[in-house]
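A.B. asks: Return atomic coordinates for the entry below.
(chains A and B)
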2 protein chains.
Amino acid sequence: MTSTRLPVLRRLAFVRLTQGSKRTGSFGYDLAVRKKAELRDVILDAARTEFARYGLAGARVDRIARSAHASKERLYAHFGDKDALFRQVVAADSAKFFSSVAVRPDAVAEFAGDLYDLATNHPESFRMITWARLEGIPLEEPQLDGRSVRERDTAAIVTAQAAGRVDPRWDPWELLILMFGIGMARASWPQADPGDVDAPAHAHGRAAAVEAAARILAPRPD
Amino acid sequence: MTSTRLPVLRRLAFVRLTQGSKRTGSFGYDLAVRKKAELRDVILDAARTEFARYGLAGARVDRIARSAHASKERLYAHFGDKDALFRQVVAADSAKFFSSVAVRPDAVAEFAGDLYDLATNHPESFRMITWARLEGIPLEEPQLDGRSVRERDTAAIVTAQAAGRVDPRWDPWELLILMFGIGMARASWPQADPGDVDAPAHAHGRAAAVEAAARILAPRPD
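C.D. replies: Predicted structure coming up:
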């Protein structure tokens, strides 16, 4: 009896042990990780909405916590203070923003149109980047395949210049800044509210940006 | 003697009269007005510095009051709340900012260079206008000689188009937005700090803006 009962007891003990370990150990850990990652995303989303609207100084952590159905304590535990949370949202947003468009050597002028779409379709990201500039928070340049987005885009301009598609007299970096200025001119206009722009006005503004870019970069006979 | 003394007495009386009226009347009143106006200017200057740096939400009225050597109570009595003070600074700043440059029909491309100078030389005003945009505070268009700055500038473009100096295919308003985009491209760049731009870089950036504008607006043979 002792010999048969002992394994049963051992098995029971093992089951209890593993069940216990599942709750507090590996399975429980996976769930916790998943929940942790989910909560992280929910908080980041809530923070993005809050920061895009009110900026760093105007944002309120209690509003973010309430919107994410999390306690302020958990939010602080995950992200540190409001400043650190802002920096994380800006880093994620600007990386996504600047990586989502690229200069194509065979259609450089279209880049101004892509930027126009970007600023119009993602006003929150555009606002976040602008708040960050005003708050003096430097944006890290997104890295793609071991080089910065800026390096990738200036290299594309150099390629287009070598192919005779872009006036070689332009400093590629200077031209890139001008493309941004043109593409984001309407969204940067003091009275602008990108949400107010209807579809025909959007198409009109976009076409003007591409046309302006094309005229700037066109190689000249002289 | 009487004929010579009387004028003297009259003169003395006149002096006393005007001195008296100056002390208790107009001059005393002038002094109070001057002090009030001076305090107003001192507070506005302090507020401009504070708001340009920290924005509406981040600015602190006690810092403005301390910097202006005024009590918070006096500040509130003069300007209302922080929001009202911000709006007054923005209105004054943007009116000055946008009125200080104008499109000249015989040198439209230079407008992009003038805007470049403006954004570079007055980064605080540029910051104020940007904060206001993010805070959703609409800027009233400055009025000059009974018309808005925008009307004045689009009219100048129309004149330049009629004179064959600007491609008539451009919508004047669209072209004006593009000029702003180009002129302020560098100051709007996320990593930009206009204070960091040295003189040669400034001249280089300005020349690029004017060249870009000239290429955009040049009439085309086709």
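A.B. asks: Just want the angle from the longest helix along chain A to helix B:26-58.
C.D. replies: Of all the segments of type helix in chain A, defined by DSSP state H, the longest one is helix A:26-58. Taking axes from the mean of the first three to the mean of the last three Cα atoms, to 10 degrees, one finds that helix A:26-58 is oriented at 170 degrees with respect to helix B:26-58.
A.B. asks: Now do helix A:26-58, average pLDDT.
C.D. replies: Regarding helix A:26-58, the rounded mean pLDDT is 82.
A.B. asks: What of stretch A:100-117?
C.D. replies: 96.
A.B. asks: how about it: buried residues?
C.D. replies: Neighbour counts over stretch A:100-117 (16 or more other Cβ atoms under 10 Å in any protein chain shown) mark A:101, A:103, A:105, A:108-116 as buried. The C-beta positions use only the backbone N, C-alpha and C, and glycine is treated the same way.
A.B. asks: From start to finish, how long is that stretch in a straight line?
C.D. replies: 11 Å (Cα to Cα, to the nearest Å).
A.B. asks: Could you check how far that stretch is from the centre of its chain?
C.D. replies: Stretch A:100-117 has its C-alpha centroid displaced from the chain centroid by 18 Å (Cα atoms, centre = their mean, to the nearest Å).
A.B. asks: Any part of it near chain B?
C.D. replies: No: counting by Cβ under 8 Å from any Cβ of the partner chain, chain B has no neighbours in stretch A:100-117; the shortest distance is 9.4 Å.
A.B. asks: who's in contact with the host helix or strand of residue A:216?
C.D. replies: Using DSSP states H and E, residue A:216 falls within helix A:199-217. Applying Cβ atoms under 8 Å, 6 or more residues apart in numbering or on different chains, the external contacts of helix A:199-217 come out as A:108-113, A:115-117, A:120, A:160, A:165-167, A:170, A:175, A:178-179, A:182-183, A:185-186, A:197, B:170-171, B:174, B:177-178, B:212, B:215-216, B:218.
A.B. asks: how about that helix: buried residues?
C.D. replies: A:202, A:205-206, A:208-217.
A.B. asks: that older thread, who does the longest helix of chain A touch, helix- and strand-wise?
C.D. replies: helix A:61-67, helix A:72-79, helix A:82-99, helix A:123-134, helix B:26-58 (3 or more Cβ pairs under 8 Å, 6 or more residues apart in numbering or on different chains; DSSP states H and E).
A.B. asks: which residues are contacting the helix or strand following the third one?
C.D. replies: The one in question is helix A:82-99. Next helix or strand after helix A:82-99 toward the C-terminus (DSSP H and E): helix A:110-121. With Cβ under 8 Å, 6+ apart as the test, helix A:110-121 has contacts from A:97, A:100-104, A:125-126, A:153, A:179-180, A:182-184, A:186-188, A:194, A:197, A:202, A:205-207, A:209-210, A:212-213.
A.B. asks: distance between helix A:110-121 and the chain's centre?
C.D. replies: 15 Å.
A.B. asks: what's the angle between that helix and helix A:199-217?
C.D. replies: Going by the same axes, to 10 degrees, helix A:110-121 makes 150 degrees with helix A:199-217.
A.B. asks: Which residues are in contact with the spatially most central residue of chain A?
C.D. replies: In chain A, the residue lying closest to the centroid (Cα atoms, centre = their mean) is residue A:93, at 2.1 Å. Applying Cβ under 8 Å, 6+ apart, we find residue A:93 in contact with A:48, A:124-125, A:128-129.
A.B. asks: do that again at 7 Å, thanks
C.D. replies: By Cβ atoms under 7 Å, 6 or more residues apart in numbering or on different chains, the residues touching residue A:93 are A:48, A:125, A:128.
A.B. asks: I'd say residue A:142 and residue A:101 touch.
C.D. replies: No: counting by Cβ atoms under 7 Å, residue A:142 stays clear of residue A:101, with 11.3 Å between them.
A.B. asks: related to what we said a few turns ago, same list, the helices and strands packed on helix A:26-58, but as a markdown table with distance to residue B:78 please.
C.D. replies: Below are those laid out as a markdown table (distance: least, Cβ to Cβ, whole Å):
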| stretch | distance to residue B:78 |
| --- | --- |
| helix A:61-67 | 32 |
| helix A:72-79 | 37 |
| helix A:82-99 | 32 |
| helix A:123-134 | 26 |
| helix B:26-58 | 6 |
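A.B. asks: pLDDT weak spots in chain A?
C.D. replies: A:1-34, A:191-197, A:222 (pLDDT under 70).
A.B. asks: Tell me how it divides into domains.
C.D. replies: A:8-80, A:93-217 (automatic domain parsing).
A.B. asks: Can you check which of those domains gets nearest to residue B:73?
C.D. replies: domain A:8-80 (24.0 Å; Cβ to Cβ).
A.B. asks: Quick check: the residue lying closest to residue A:113 once chain neighbours are set aside vs chain B, distance?
C.D. replies: Once flanking residues are discounted, residue A:113 sits nearest to residue A:210: 4.3 Å by Cβ to Cβ, 6 or more residues apart in numbering or on different chains. Distance from residue A:210 to chain B, counting by Cβ to the nearest Cβ, to the nearest Å: 11 Å.
A.B. asks: Over to residue A:183?
C.D. replies: 8 Å.
A.B. asks: what are the phi and psi angles of that residue?
C.D. replies: phi -60, psi -30 (degrees, to the nearest 10).
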